[in-house]
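Asks: Fold the stuff below for me.
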Amino acid sequence: MSLPAIRKEALVFRSMRLEDIDTIVEIEKEAFTAPWTAEAFNNELKQNLFAKYMVMEQDGAILGYGGMWLIVDEAHVTNIAIRERYQGQGLGKLLLGEMMKTAHWLGAKRMTLEVRVTNEIAQRLYRRFGFEPSGIRPGYYSDNMEDALIMWADLDPEVWNKQDNPEPRSRRTPGEKAERGTAGSSARALEGEQA
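Replies: Next comes the predicted model:
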């Protein structure tokens, strides 16, 4: 079975909804050795006032997702994953860029994340977006007690603009008048659907 071609101009970023959780858990299992459960995502969407989760889709099919906690002026990336069959096509770059734009629009000045010390592919991506190592969390990952590299980045629009990201479309809530392809449209959708 051949996969549908990725049309970056057709990608849509929107808030994660409860009905997305089954698909998100499938992606979690493909991407992580210690995946989050449906219950964990349900709690994030329903109970965590700091949590903002988005999905990236094309023609209604979810290709990836990302989540972050926004606390005061900082964004902490909790998860970012692309469906296994769509990896290697630059979608992680697009998703991370959209997350950074959204966090910036929502008032964050800095973003942080943890990444396995052995995951050099992800570390290279993060460095392209201005993330720099700031420390180690020993034994952070419960599946094998691997250390996590802590990385931080200033949310500087110049950094993600240099990545040549096309401006994807974001779904807006009824009555919302965001311009097509703006980070604010994703952010307003996240605010409106998860607040």
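
Asks: Quick test: name the residue nearest the centre of the protein.
Replies: Centroid-nearest residue in the chain: G66, 2.4 Å away (criterion: C-alpha atoms, centre = their mean).

Asks: Was I right to think R116 contacts Y141?
Replies: Yes. Between R116 and Y141 there is a contact under C-beta atoms under 8 Å: 6.3 Å. (Each C-beta comes from the backbone N, C-alpha and C, glycine too.)

Asks: average pLDDT for the strand ranked longest in the chain?
Replies: Selection of the longest strand in the chain by residue count, based on DSSP state E, yields strand 61-71. When pLDDT is averaged over strand 61-71, the result is 97.

Asks: In contact with the residue nearest to the centre of the chain, which residues?
Replies: 53-54, 56, 77, 79-81, 95-96, 98-99 (C-beta atoms under 8 Å, 6 or more residues apart in numbering).

Asks: out of those residues, who's nearest A40?
Replies: A40 has its nearest neighbour among the contacts of G66 in N79, at 9.7 Å by C-beta to C-beta.

Asks: Quick one: residues contacting that closest one.
Replies: 28, 36, 53, 65-67.

Asks: same question, V159
Replies: V159 touches 100, 129-130, 153, counting by C-beta under 8 Å, 6+ apart.

Asks: Now for the residues you listed: which two are most distant?
Replies: Spanning the widest gap among those are M100 and G130, at 8.8 Å by C-beta to C-beta.

Asks: if I look at the two, which residues touch both of them?
Replies: Common neighbours of M100 and G130 (criterion: C-beta under 8 Å, 6+ apart): 153, 159.

Asks: Show me where the chain dips below the pLDDT cut-off.
Replies: Low-confidence segments of the chain (pLDDT under 70): 1-4, 160-195.

Asks: could you pull out the strands for the protein?
Replies: All strands of the chain, identified by DSSP E, fall at 12-15, 51-58, 61-71, 74-82, 110-116, 132-137, 148-154, 169-170.

Asks: Longest helix in the chain, please.
Replies: For the chain, the helix with the greatest residue count under DSSP state H is helix 91-105.
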